Structures are given as structure tokens and as C-alpha cells.
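Q: model the following, please.
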Amino acid sequence: MFESLERLQADAILGLMADYRADGDPQKVDLGVGVYRDEHGQTPVLAAVRRAETQMLARQTSKTYVSSTGNAQFNDAMELLSLGASHKGLGGGRVRTIQTPGGSAALRLGAELIKAAAPRTVVHVSTPTWANHMPVFNGSGLKLASYPYYDSAACGVDFAGMVSCLGKLSAGSVVLLQACCHNPTGADLTDSQWLELLPVFERGGLVPFIDMAYQGLGRGIDEDAFGVRLFAAELPEVLIAVSCSKNFGLYRERTAALHVVCGSPAAADAALSQLARSARTIYSMPPDHGAAIVQEILGNEALRTAWLDEVVAMRTRMSALRSQFVSHLSTAQPGRDFGWITRQYGMFSLLGINPAQVRAMRVAHHIYMMDDSRINIVGLRAGNVGYVARSLTQVLRECA
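A: Below is the predicted model of the structure:
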């Protein structure tokens with residue numbers, strides 16, 4: 001049976017990680033993998049997470065299954081974090097949540113729900129978008145299309161092009177949006193643009209599917225959820241995938257949730273029953289460890305405050321690294337404007353260099369990034385930011 005299988009190429013990010021690990025150069029720099037790193041190049045366990053884990057384990061008396069919909073207290077806490085305590089969708093009983101093993105599973109379960117309700121639905125994704133978005137939706141059998149999002153010349157959102165395209169979609173089309181810290185561009189919608197986008201969805205009968213993987217790491221916990229809360233309050237149906245990998249540092253614990261906002265409590269109950277059935281057929285039960293940690297943090301005022309302080313520290317560090325990088329680039333290349341890097345949010349930016357230049361950065365300077373020139377800002381630190389800026393200058397000069 002398996003003799004006929006062809007060996008597939010490694011995932012681009014996983015392949016880049018393997019190439020970086022195999023590189024013996026002492027100056028090598030990893031700007032590829034999308035995880036937070038501190039000044040020492042480590043991805044730390046947050047202090048609030050460590051404290052919560054200790055307290056949670058001390059009380060735990062069983063490792064039995066929780067539920068196919070996950071940890072109910074975690075789900076409730078994530079609704080409040082995502083939507084806010086006074087959100088009218090919660091007050092109206094129109095929101096249901098299922099815990100999932102990571103953000104990718106939240107996206108996949110949402111795709112399965114869409115397929116169950118309307119199998120011919122087309123999901124429209126931004127150009128560009130996170131590399132795994134399209135495989136996740138393709139895997140469910142849904143069709144994909146794209147809409148313009150990033151203006152590479154202006155290094156910002158092509159909002160006019162986006163609105164023009166979405167305004168022509170047929171009713172029932174699903175539009176995948178990123179709430180904040182857009183991956184791979186770092187270019188986010190402003191609050192005013194979210195407000196302008198809302199009537200486009202209302203008039204067109206469009207269904208937003210919002211991916212919120214970096215809440216708190218852009219402008220702030222509440223600020224980063226502005227679009228999510230607006231759309232969930234004003235539109236009858238919204239899907240929201242929320243990950244705890246980045247803002248809680250729970251990468252390997254695979255902790256996430258899918259919120260479903262429906263037009264009525266009865267419709268919400270039906271949607272949750274469909275999600276539970278899909279979860280049962282894909283992975284049966286979600287892991288509880290990460291969810292229990294998040295529940296502990298969000299349910300304990302002291303831990304929550306400590307966690308929020310750590311989120312602020314991560315966000316502040318990323319902003320400072322952007323400014324430092326721009327400063328070094330401006331010194332190395334006077335007269336060229338790199339200020340757009342400081343106007344973006346989160347971990348990622350697109351340098352805008354071509355594949356040959358990306359390869360030159362890797363081969364000549366041992367600096368690793370994705371082929372589309374996406375860099376993870378927190379791969380930079382005091383000891384390498386100048387080296388990266390000088391190397392980029394040399395590559396731009398020699399490989400124009």
C-alpha cells in the first residue's frame with residue numbers, strides 16, 4: 001500500500017528550522033520561526049504560567065477526560081478575554097466556545113462548521129496570509145479565493161483595494177481576517193478601518209472568520225480585540241479562532257479556542273453540537289494542561305495582573321527592537337526610509353527583498369528568514385541587530 005507514496009517536501013518553516021540548526025556558524029541568526037524570544041534568544045516560560053502550573057498541579061487529583069468541548073471554565077474565561085465582560089453578544093446568549101488543540105485546530109473546526117452548514121462556501125483570505133491558513137481550509141474541502149491586503153510599495157494595508165474586492169463578494173461568502181499583528185506583514189487595520197469595514201459586511205451578507213493569535217502583543221489586550229468585539233456585537237454570525245501560544249507562551253501545550261457567534265441562542269447551541277461532533281471525529285478530546293493553566297491565570301487576580309505585566313514587557317520589547325532595527329538600517333543606508341517597520345505591530349514584518357536576496361542573506365551571512373522575506377522581529381537582539389542591518393545593506397548593494 002505505502003510503496004506508491006511519494007516523499008513530500010518539508011514544510012517551509014520546519015525546513016528552515018532544520019537548516020538553521022545544522023548551520024555551525026557562530027554568527028547565525030534565526031529570523032524565521034514564529035516564536036517569542038528574549039534577549040538571550042530563549043523562549044521562556046512566563047513567570048505567571050509557572051506559578052499557575054504549580055498551583056494547578058497541587059490541586060489536581062485526576063487525569064481523566066474533560067469533555068469534547070474542553071474545559072468549561074477555560075472557555076468562559078476566553079470569552080471574557082476575547083470579547084470583554086460587557087459584550088452584548090455574551091449578554092444575549094449568542095456565543096458558544098469550544099476548546100481546541102492549538103489555533104490551527106480552531107481554524108479547522110471552524111472550517112468544518114462552515115462545510116456542514118454550506119459546503120459550497122468560498123473562504124476568502126488576504127494576500128498575503130499565514131502560510132498554514134490555506135492548507136487548513138483546503139484540508140476541510142472548502143474552496144479558497146483571495147483579496148488584496150498588503151501594498152508592498154507603501155508597506156501598509158491596501159485598504160481601498162480590500163474594500164473594493166470584498167464589496168463585490170456574494171452573500172454568504174466567508175472572509176478570513178486577522179485581528180492584530182498580521183502574519184506575515186505586521187500591517188494591521190486601524191480602528192477606523194474596522195469601522196469602515198463593518199457596513200461592507202452588513203450590506204454584503206458576509207461572514208467574518210477572525211484569527212486572533214496575538215492578542216496583547218500589538219497595541220494591548222483590549223485594543224487588539226477592537227475588530228473582534230465590534231464585528232461580534234454588530235453582525236449576526238462571526239467565527240473567532242483564538243490562540244494562547246504567543247501571549248501565554250504555551251506553544252507546546254496546544255491551547256486555543258473557537259468562539260462562534262450566532263443569530264440566536266438556539267442557533268448557537270446547534271453550532272456547538274456540530275463542533276463537538278467534528279472534534280470527536282478528528283481528535284476526540286482536547287488536552288487540558290494548557291487550558292487549566294490559562295483558567296488559573298485568568299481566574300486569579302494576582303496571577304492575571306502578573307501575566308498582563310509580562311504581556312506588556314513582551315510587547316514593549318518588540319516595539320523597541322523595531323526602533324533599534326530601523327536606527328541601524330538608517331545608519332547603514334542613509335537616505336532610505338525604513339520607518340514603516342516601526343508602524344507595524346507584533347512579531348513580523350516583510351523586508352520586501354526578493355528570493356535571491358533572501359538566499360544571499362542565508363548563504364553569505366547565515367541569516368535565516370522565510371522566502372517571502374518575512375522576519376520575526378524578536379530574532380533580533382542587541383548582539384546581532386547591527387550585524388543584520390549591515391548584512392542586509394551589503395546584500396541590497398550586491399544583489400540588486
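Q: in CSV, list the C-alpha atoms belonging to the strand or helix carrying R50.
A: R50 belongs to helix 47-59 when assigned by DSSP states H and E. C-alpha atoms of helix 47-59 as CSV (Å, rounded to 0.1, in the frame of the first residue of the first chain):
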residue,chain,number,x,y,z
ALA,A,47,6.5,33.5,35.5
ALA,A,48,2.7,33.7,35.8
VAL,A,49,2.5,30.4,33.8
ARG,A,50,5.0,28.7,36.1
ARG,A,51,3.1,29.9,39.2
ALA,A,52,-0.3,28.9,37.9
GLU,A,53,1.0,25.5,36.8
THR,A,54,2.4,24.8,40.3
GLN,A,55,-0.9,25.8,41.9
MET,A,56,-3.0,23.8,39.4
LEU,A,57,-0.9,20.6,39.7
ALA,A,58,-1.0,20.8,43.5
ARG,A,59,-4.8,20.6,43.4
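Q: tell me how far it lies from the chain's centre.
A: 25 Å (C-alpha atoms, centre = their mean, to the nearest Å).
Q: and for stretch 13-32?
A: 22 Å.
Q: that one: end-to-end distance?
A: 7 Å (C-alpha to C-alpha, to the nearest Å).
Q: not counting it itself, show me its contacts.
A: Residues from elsewhere that reach stretch 13-32, judged by C-beta atoms under 8 Å, 6 or more residues apart in numbering: 9-10, 33-34, 131, 362, 365-370, 374-376, 379-380, 384, 387-388. No exception for glycine: its C-beta is placed from N, CA and C like everyone else's.
Q: show me what counts as buried in it.
A: Neighbour counts over stretch 13-32 (16 or more other C-beta atoms under 10 Å) mark 16-17, 20, 28-32 as buried.
Q: now render those as a markdown table, adding distance to R203.
A: Conversion of the buried residues of stretch 13-32 to a markdown table gives the following (distance: C-beta to C-beta, whole Å):
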| residue | distance to R203 |
| --- | --- |
| L16 | 42 |
| M17 | 44 |
| Y20 | 47 |
| K28 | 51 |
| V29 | 47 |
| D30 | 45 |
| L31 | 41 |
| G32 | 40 |
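Q: farthest-apart pair in those residues, please.
A: The distance between the two most remote of those (C-beta to C-beta) is 13.3 Å, for M17 and V29.
Q: max-length helix in this protein?
A: Longest helix in the chain by number of residues (criterion: DSSP state H): helix 301-332.
Q: other SSEs contacting it?
A: helix 47-59, helix 289-298, helix 385-398 (3 or more C-beta pairs under 8 Å, 6 or more residues apart in numbering; DSSP states H and E).
Q: against which helices or strands is the shortest one packed?
A: Just to be clear, that refers to helix 289-298. helix 47-59, helix 72-83, helix 301-332.
Q: that older thread, drop anything exposed from the contacts of stretch 13-32.
A: Buried among the contacts of stretch 13-32 by 16+ other C-beta under 10 Å: 33-34, 131, 362, 365-370, 374-376, 379-380, 384, 387-388.
Q: next step: the residues you listed restricted to strands.
A: 367-368, 374-376 (DSSP state E).
Q: for the nearest residue to F226 once chain neighbours are set aside, grab the count of nearby residues.
A: Spatially, and ignoring its direct neighbours in sequence, F226 is nearest to D191 (5.2 Å; C-beta to C-beta, 6 or more residues apart in numbering). Close neighbours of D191, defined as other C-beta atoms under 10 Å, add up to 13.
Q: which residues touch M318?
A: So M318 contacts 217, 346-347, 377-378 (C-beta under 8 Å, 6+ apart).
Q: switch the cut-off to 6 Å
A: I377 (C-beta atoms under 6 Å, 6 or more residues apart in numbering).
Q: give me the pLDDT for it.
A: For M318, the model assigns a pLDDT of 96.
Q: and for M212?
A: pLDDT, M212: 98.
Q: from Y345, how far off is it?
A: M212 is 13 Å from Y345, where distance means C-beta to C-beta, to the nearest Å.
Q: same check on A232?
A: A232 is 21 Å from Y345, by C-beta to C-beta.
Q: which one of the two is surrounded by more residues?
A: Using other C-beta under 10 Å as the criterion, A232 and Y345 rank with A232 on top: 28 against 25.
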